[in-house]
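Engineer: The sequence and its predicted three-dimensional model are supplied below.
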Amino acid sequence: MSATGSKSYRPADLHAAGRARPLELAAQGFFWTGGELVDHPQAGKAMRGQQYVEYWIPLVLQHELPIVMIHGGGGQGTDFLGTPDGREGWVHWFVRAGWPVYVVDRPQHGRSPFNPEFQGAMARPGPTMFLERLFTRPGDFADNYPQASLHSQWPGTGRMDDPAFLAFLAGTGPTLADPAQWQADAQAAGAEMLDRIGPAILLTHSAGGPCGWLIADARPDLVRAIVAAEPLGPPFEAISGTLPFGITHAPLTFDPLLQAGEKLASMDLPSPGPGLVPYKVQAEPARRLPALADKPVMVLTAEASWMAADNHAIVHFLRQAGASVDHVRLEEHGARGNGHAMQLEANSDDVAAVIACWLADQGLK
């Protein structure tokens, strides 16, 4: 079955569908950040760590601060450019609301080239069933996490013969085997991006979460707020492996500083309630993260995601470290049944509206 489903992509059909509500832009294009030249025995000079950055600037600019969208895991910027059933994505939603938007393909993802000869070893692929179990139809697995039965927003059956599932699968790809390296690459590319575009709001998803913390660490004066949609966690122990810096694999700047070879100390806490996991935070007295101390942070959690069971842990860690964090649970704002890929689901516009309301409440313009 085709990954494109039944939607027509013929020019005349797209024109007919969109002419009543055209998307009006003052500018749209792309640029690259983060590339560094390295020596290669066959290629000579080669580039690694480069990041594709695409910008969408609305004709009527209602907000000064841009929103930078940073995708997760094996995804790419297309996670925000549309949904698997062919609807507009969060890029369009925020541009229509007057926000300038920059959407990236993190280094080694999407349109950012990934030649292991230059970039580094590629991680081994996981089973495709992982996507069904954790993203598209988690409620069909009796032994899944407790919130899985609440999932209802995938725009299809979520099975491998579902056109929406195939479109989702088509956009998944590899990542580096070394998570500390890919996070450091994303930090460098993100810092250079902010040097070029100026102060911004970072909107991260999943494994893009550490990139947000790290970019803020590198450019604290240029990050005005962070919206972290289900950021990688829980602290110290995540799906990507042990997090030596609590919420990242790559180094963060703590106060007091961690000395060479010194480990961030942790302590265990019990589950705070039904369906919530026991977790780790910093051992007290906790070190602070000065780069996050003066800016608003939202941790956004979906009702039916596996991270509904553990996002409380990263909220606790961030507050320990001195960040001002709002933990926003979608079901408390009328958006029910969402899984981890909330930006791709049937009510993705409702989720975007929750984010926009929070930004307004922070006085961010």
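Structural biologist: Noted; the coordinates are in hand. Keep in mind that this is a model prediction, so the values were computed, not measured.

Engineer: tell me the helices in the stretch 51-200 of the chain, going along the chain?
Structural biologist: 90-96, 116-119, 129-131, 163-170, 179-197 (DSSP state H, counting those that start in this stretch).

Engineer: Met342: which of these is closest?
Structural biologist: Closest to Met342 of the helices of the stretch 51-200 of the chain is helix 90-96 (Cβ to Cβ; 9.6 Å). Using the backbone N, CA and C atoms, a C-beta is placed for each residue, glycine as well.

Engineer: Just name whatever secondary elements that closest one is in contact with.
Structural biologist: Counting contacts by 3 or more Cβ pairs under 8 Å, 6 or more residues apart in numbering; DSSP states H and E, helix 90-96 packs against strand 51-58, strand 67-70, strand 101-105, helix 348-361.

Engineer: Off-centre distance for it?
Structural biologist: How far helix 90-96 lies from its chain's middle: 16 Å, per Cα atoms, centre = their mean, to the nearest Å.

Engineer: Name the residues that touch that helix?
Structural biologist: 23, 25, 56-58, 67, 69, 80-81, 101, 103, 203, 343, 348-349, 352, 356 (Cβ atoms under 8 Å, 6 or more residues apart in numbering).

Engineer: which among these end up buried?
Structural biologist: 56-58, 67, 69, 80-81, 101, 103, 203, 343, 348-349, 352, 356 (16 or more other Cβ atoms under 10 Å).

Engineer: and which of these is nearest to Lys263?
Structural biologist: Nearest member of those to Lys263, counting by Cβ to Cβ, is Leu203, at 31.0 Å.

Engineer: Secondary structure class of that closest one, three-state.
Structural biologist: strand (DSSP: H, G, I helix; E, B strand; the rest coil).

Engineer: got the contact list for Arg336?
Structural biologist: 150, 152-153, 303, 330.

Engineer: check which helix or strand covers it.
Structural biologist: For Arg336, there is no host helix or strand (DSSP states H and E).

Engineer: what do you get for the one 10 residues further on?
Structural biologist: Here Ala346 sits in a region with no helix or strand, counting by DSSP H and E.

Engineer: What's the local residue count around it?
Structural biologist: 17 (other Cβ atoms under 10 Å).

Engineer: wait, doesn't it sit right on His151?
Structural biologist: No: counting by Cβ atoms under 8 Å, Ala346 stays clear of His151, with 11.3 Å between them.

Engineer: And stretch 297-305, how far out from the chain middle?
Structural biologist: From the chain centre to the centre of stretch 297-305 is a distance of 12 Å (Cα atoms, centre = their mean).

Engineer: Kindly report the same for stretch 58-72.
Structural biologist: 15 Å.

Engineer: Same question for stretch 267-280.
Structural biologist: Distance, centroid of stretch 267-280 to centroid of chain: 24 Å (Cα atoms, centre = their mean).

Engineer: follow-up on the earlier one: can you put the helices and strands packed on helix 90-96 in TSV and add distance to Asn338 and mean pLDDT?
Structural biologist: Listed next are the helices and strands packed on helix 90-96 as TSV, based on distance: least, Cβ to Cβ, whole Å; pLDDT from 0 to 100:
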stretch	distance to Asn338	mean pLDDT
strand 51-58	24	98
strand 67-70	17	98
strand 101-105	21	98
helix 348-361	7	98
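
Engineer: Of all those, which one is nearest Asp221?
Structural biologist: Per Cβ to Cβ, nearest to Asp221 of these: strand 67-70, 15.2 Å.
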